[in-house]
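S.K.: sequence isn't available, so here's the structure alone:
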């Protein structure tokens with residue numbers, strides 16, 4: 001309540017400062033600088049550009065911006081709410097022809113040596129008319145579309161790192177890798193799980209390592225997948241086959257870390273044999289289309305998503321287990337919430353980097369982040385083990401959900417990001 005009570009005073013102060021800058025001939029609008037040129041950073045830049053107009057300079061800094069076009073071999077599941085975000089910022093039309101709708105999903109629970117894998121839970125249908133609960137999109141296509149639209153919108157893209165920042169009063173001086181600096185009203189850390197900006201701001205994290213790695217690889221297959229996603233829960237972790245356009249699927253294969261390292265080091269024939277043991281032959285002969293890579297899995301949440309003139313989004317703020325396929329989507333939800341509070345504040349004449357504005361963002365996102373972290377940790381504990389008792393309990397639970405349409409519908413909407421207090425962008429509404 002105190003923050004709300006002081007808002008008019010801050011707005012008046014900001015208006016006075018703006019007037020003084022105009023009278024002295026100074027630039028009336030400071031930049032917003034985003035460190036990180038992946039999904040979250042670029043989507044945020046486009047959303048802010050759309051909501052704030054050309055008067056506010058938006059800068060994205062990331063050395064990876066020099067690597068164009070993108071060569072990222074991975075693919076991501078974009079849930080319905082985040083697809084609406086991409087539509088609202090004008091990007092979805094570029095990738096829609098190559099986006100594969102997930103039309104249904106089947107979940108099985110088995111051991112590797114089991115002869116059959118009965119389906120305990122299936123999801124099918126649309127969350128809304130004409131809206132599948134998710135699409136699979138290759139990362140390189142989405143990154144290239146975001147870069148293209150950011151350039152067209154006038155976002156300043158700098159293939160440079162942010163090497164330092166210093167806050168003073170109501171602004172932050174951001175230093176780039178070429179030694180230049182700029183004055184910003186807000187600095188956004190979208191620089192990933194090992195965020196240097198988060199570390200420099202002194203923001204601690206809490207979490208743990210899973211001693212698991214996710215093996216990521218794209219495979220081709222003889223038969224059509226029909227838009228079906230499959231997730232097999234095996235004792236070491238989930239083995240997911242996610243449909244791509246054509247007769248291709250993206251695999252996310254969780255193993256204990258040492259075993260994952262062994263698997264990706266195998267010869268092509270040996271890896272293929274291990275793959276067939278887990279994938280089965282219902283899609284016909286499989287062909288590995290790229291080099292398998294293993295990524296260590298962990299969980300952490302930043303103790304604060306904000307600091308003076310600084311906001312964390314995406315993996316800089318939180319990393320969760322991929323068991324529910326929500327990691328990227330959680331970051332895009334951060335983008336939608338931060339863009340909305342910043343744009344609304346600016347329209348009220350309030351400095352967008354002001355602490356009560358950033359606290360609004362943190363309140364909006366922190367509970368959802370913690371709830372998803374608890375959910376994914378619980379799922380990983382329940383399914384990534386060899387306990388016969390736990391297996392029986394979880395199979396009964398999955399069967400109950402499968403036979404309860406209202407409960408299943410709630411699960412689908414939750415997975416699609418269409419529950420709770422949603423920012424406008426996640427409803428497909430422009431800022």
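M.R.: Yep, it's here. Keep in mind the model is a prediction, meaning the values are calculated, not measured. Numbering: from 1, shown residues only.
S.K.: quick one: the strands in the stretch 301-431 of the chain?
M.R.: 306-307, 310-312, 318-319 (DSSP state E, counting those that start in this stretch).
S.K.: what residues does the longest one touch?
M.R.: Identification of contacts with strand 310-312 by C-beta atoms under 8 Å, 6 or more residues apart in numbering yields 165, 167, 172, 186-189, 195, 197-198, 201, 203, 302, 304-306, 338, 353, 358, 361. All C-beta atoms are positioned from the backbone trio N, CA, C, and that covers glycine.
S.K.: now with 10 Å, please.
M.R.: 32, 34-35, 44, 165, 167, 172, 184, 186-191, 195, 197-198, 200-201, 203, 302, 304-306, 317-318, 334, 337-338, 341-342, 352-353, 357-358, 361-362, 365 (C-beta atoms under 10 Å, 6 or more residues apart in numbering).
S.K.: just the ones in helices from those, please.
M.R.: Secondary structure from DSSP state H places 44, 197-198, 200, 334, 337-338, 341-342, 357-358, 361-362, 365 of these in helices.
S.K.: let's have the residues you listed in a markdown table, adding pLDDT and distance to residue 127.
M.R.: Listed next are the ones in helices among the contacts of strand 310-312 as a markdown table, based on pLDDT from 0 to 100; distance: C-beta to C-beta, whole Å:
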| residue | pLDDT | distance to residue 127 |
| --- | --- | --- |
| 44 | 98 | 25 |
| 197 | 98 | 35 |
| 198 | 98 | 34 |
| 200 | 97 | 40 |
| 334 | 98 | 21 |
| 337 | 98 | 21 |
| 338 | 98 | 25 |
| 341 | 97 | 26 |
| 342 | 97 | 28 |
| 357 | 96 | 32 |
| 358 | 97 | 31 |
| 361 | 98 | 26 |
| 362 | 97 | 28 |
| 365 | 96 | 22 |
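S.K.: between the residues you listed, which is nearest residue 427?
M.R.: The shortest approach to residue 427 among the ones in helices among the contacts of strand 310-312 belongs to residue 337, at 12.5 Å (C-beta to C-beta).
S.K.: who's in contact with the closest residue to that closest one other than its chain neighbours?
M.R.: In space, and not counting its chain neighbours, residue 337 is closest to residue 364: 4.5 Å by C-beta to C-beta, 6 or more residues apart in numbering. Shown in contact with residue 364 (C-beta under 10 Å, 6+ apart): 305, 333-334, 336-338, 340-341, 420-421, 423.
S.K.: same check, this time on residue 249
M.R.: By C-beta under 10 Å, 6+ apart, the neighbours of residue 249 are 75, 100, 136, 217-221, 225, 228-230, 240-243, 279, 283, 286, 289.
S.K.: what of residue 405?
M.R.: By C-beta under 10 Å, 6+ apart, residue 405 has no neighbours at all.
S.K.: the protein: helices as residue ranges?
M.R.: Under DSSP H, the chain gives helices at 2-24, 39-52, 80-88, 92-95, 139-153, 196-200, 257-264, 268-279, 327-347, 355-383, 388-402, 405-415.
S.K.: right, and the ones you listed - which one's nearest residue 118?
M.R.: helix 388-402 (8.7 Å).
S.K.: how far out from the middle of the chain is the closest one?
M.R.: 29 Å (C-alpha atoms, centre = their mean, to the nearest Å).
S.K.: buried set for it?
M.R.: 391, 394-395, 398, 401-402 (16 or more other C-beta atoms under 10 Å).
S.K.: which of these sits closest to residue 379?
M.R.: Of those, the one sitting nearest to residue 379 (C-beta to C-beta) turns out to be residue 394, at 9.2 Å.
S.K.: per-residue pLDDT of the closest residue to that closest one other than its chain neighbours, please?
M.R.: Leaving aside its sequence neighbours, residue 394 sits nearest to residue 382 (C-beta to C-beta, 6+ apart; 5.2 Å). Listed pLDDT for residue 382 reads 78.
S.K.: may I ask which helix or strand of this structure has the lowest mean pLDDT?
M.R.: The weakest-scoring helix or strand in the chain, judged by mean pLDDT, DSSP states H and E, is helix 2-24 (a mean of 35).
S.K.: hang on, the earlier thing: just the strands of the stretch 301-431 of the chain: most buried one?
M.R.: strand 310-312 (a mean of 27; mean count of other C-beta atoms under 10 Å).
S.K.: residue closest to the middle of the chain?
M.R.: Among the residues of the chain, the one closest to the centroid is residue 328, at 1.7 Å (C-alpha atoms, centre = their mean).
S.K.: if I look at that residue, how far off is residue 322?
M.R.: 9 Å (C-beta to C-beta, to the nearest Å).
S.K.: who touches both of these two?
M.R.: Joint contacts of residue 328 and residue 322 (C-beta under 10 Å, 6+ apart) are residue 77.
S.K.: longest strand in this protein, please.
M.R.: strand 205-221 (DSSP state E).
S.K.: which parts of that strand are buried?
M.R.: Quick answer for strand 205-221 (16+ other C-beta under 10 Å): 205, 210, 212-221.
S.K.: then stretch 283-296?
M.R.: 283, 286, 292, 294.
S.K.: with stretch 238-256 instead?
M.R.: Neighbour count says stretch 238-256 has 238-244, 247-256 buried, by 16+ other C-beta under 10 Å.
S.K.: ok, now stretch 138-153?
M.R.: So for stretch 138-153, counting by 16+ other C-beta under 10 Å, buried means 138-139, 141-147, 149-150, 153.
S.K.: any idea how far residue 206 is from residue 223?
M.R.: Counting by C-beta to C-beta, the gap from residue 223 to residue 206 is 45 Å.
S.K.: can you check residue 259 too?
M.R.: Taken as C-beta to C-beta, the span from residue 259 to residue 206 is 27 Å.
S.K.: do the same with residue 326
M.R.: Distance from residue 326 to residue 206, by C-beta to C-beta: 19 Å.
S.K.: same check, this time on residue 284
M.R.: 46 Å.
S.K.: cool, and residue 320?
M.R.: Residue 320 is 13 Å from residue 206, by C-beta to C-beta.
S.K.: ok, now residue 295?
M.R.: Counting by C-beta to C-beta - residue 295 and residue 206 are separated by 21 Å.
S.K.: list the contacts of the residue nearest to residue 366 when sequence neighbours are not counted.
M.R.: Leaving aside its sequence neighbours, residue 366 sits nearest to residue 305 (C-beta to C-beta, 6+ apart; 6.4 Å). Taking C-beta under 10 Å, 6+ apart as the criterion, residue 305 is in contact with 189, 198, 203, 311-313, 316-318, 334, 337-338, 358-359, 361-366, 369.
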